[in-house]
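>>> Turn this into a structure:
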Amino acid sequence: MSEEKQLLILSDDIFELPEPHLALDDPDGLAAVGGDLKPERLIHLYQHGFFPWYSDPDPILWWHPAMRCQLNPSLFHCSKSLKKHIRQFSGQIKVNQAFEDVIHHCAQLRQEHEGTWISDEIKNAFIDLHHQGYAHSIEVWNNNKLVGGFYGIAMGRFFFGESMFSLEANASKIALFSLCSNAPRLNIDLIDCQVESEHLMSLGATLVPRLDFLQQLKSAIPIPEKNISLGQKSSLDFKFE
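Take a look at the predicted model:
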């Protein structure tokens, strides 16, 4: 007899862990509500595949979808038009040069187009994680101007992507291509994209059942250690064969 699906109300215990398989089917993956965004809780829950996604003034909602969208860096798909754009690109790809600017741009663009879940509370939480060496930004610079990129959490051999933005055509795709092409030396095996979208699937993302995803996490993040390779301000090699 299967266990009844239930929504857990988180307590003050920052290491409390919902049961992923008890997450609701409708809405898909809603597993818990409440708690806080303290770094220790975020690191603990991300290690086990949960992520926060909510809009003010709602309480914090924690999700763990039945099918997880993820990207194997070696399977990144370049369309003909993107290949052409990459070959013509003359800017730079940088890491952690302007984390706060990246998260600001992501929030601003979401607000303009669809309403944002990147509230001030989320911003501050990820900035704290950045200062602790867990959250990172991959940035596209052109003529010394930040024109695109994305941010997320790098833990073990996983990169948990959060949000991206583009101020120039294909800028966020170029940032993602750069992370994928540098993934072996950065010790990144998989990029978590959380929820399926047509855009992500067109770039080579696939859907993985929750149980398989949990096994991947256990293998790639045996303990919630930082990804040291992404820990400093740096640049990424930008090559296209």
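
>>> Looks like residue 16 contacts residue 10 (just checking).
Yes - the criterion here is CB atoms under 8 Å, and residue 16 meets it with residue 10 at 5.6 Å. For every residue, glycine as well, the C-beta is placed using N, CA and C.

>>> What is the burial count for residue 88?
Residue 88 has 7 neighbouring residues, counting by other CB atoms under 10 Å.

>>> and it, backbone torsions?
Main-chain torsions, residue 88, degrees, to the nearest 10: phi -90, psi -10.

>>> Pick out the least confidently modelled helix or strand of this protein, by mean pLDDT.
helix 99-113 (a mean of 82; mean pLDDT, DSSP states H and E).

>>> Quick check: closest non-adjacent residue to residue 170.
residue 85 (4.8 Å; CB to CB, 6 or more residues apart in numbering).

>>> just the helices in this structure please.
39-47, 80-88, 99-113, 120-131, 171-186, 198-202, 210-220 (DSSP state H).

>>> which one of those is the most hemmed in?
Highest mean neighbour count of the helices of the chain: helix 171-186, a mean of 22 (counted as mean count of other CB atoms under 10 Å).

>>> Return the distance of it from the chain's centre.
What separates the centre of helix 171-186 from the centre of its chain is 13 Å, taken as CA atoms, centre = their mean, to the nearest Å.

>>> what residues does that helix touch?
Helix 171-186 has contacts (CB atoms under 8 Å, 6 or more residues apart in numbering) with 71, 73-74, 76, 78, 82, 85-86, 89, 93, 138-140, 142, 147-150, 154, 159, 164-166, 188-189, 191, 203, 227, 229-230, 236-240.

>>> Average pLDDT for that helix, rounded please.
In this model, helix 171-186 carries a mean pLDDT of 95.

>>> Please put the alpha-carbon coordinates of the biggest strand by length in the chain into CSV.
In the chain, taking DSSP state E as the definition, the longest strand is strand 145-155. Extracted C-alpha coordinates of strand 145-155, given in CSV (Å, rounded to 0.1, in the frame of the first residue of the first chain):
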residue,chain,number,x,y,z
LYS,A,145,29.7,45.3,-20.5
LEU,A,146,27.7,42.5,-18.8
VAL,A,147,25.3,41.3,-21.5
GLY,A,148,24.0,37.9,-20.3
GLY,A,149,24.6,34.9,-18.1
PHE,A,150,23.1,32.8,-15.3
TYR,A,151,23.6,31.8,-11.7
GLY,A,152,23.2,28.7,-9.6
ILE,A,153,24.7,26.5,-7.0
ALA,A,154,27.8,24.3,-7.6
MET,A,155,28.0,21.4,-5.2
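
>>> So what's the residue count around residue 195?
Neighbourhood size, residue 195 [other CB under 10 Å]: 14.

>>> now the helices of the chain in JSON lines, with distance to residue 25?
Shown next, in JSON lines, are the helices of the chain (distance: least, CB to CB, whole Å):
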{"stretch": "helix 39-47", "distance to residue 25": "20"}
{"stretch": "helix 80-88", "distance to residue 25": "36"}
{"stretch": "helix 99-113", "distance to residue 25": "26"}
{"stretch": "helix 120-131", "distance to residue 25": "26"}
{"stretch": "helix 171-186", "distance to residue 25": "30"}
{"stretch": "helix 198-202", "distance to residue 25": "22"}
{"stretch": "helix 210-220", "distance to residue 25": "12"}
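
>>> Thank you kindly, that will do.
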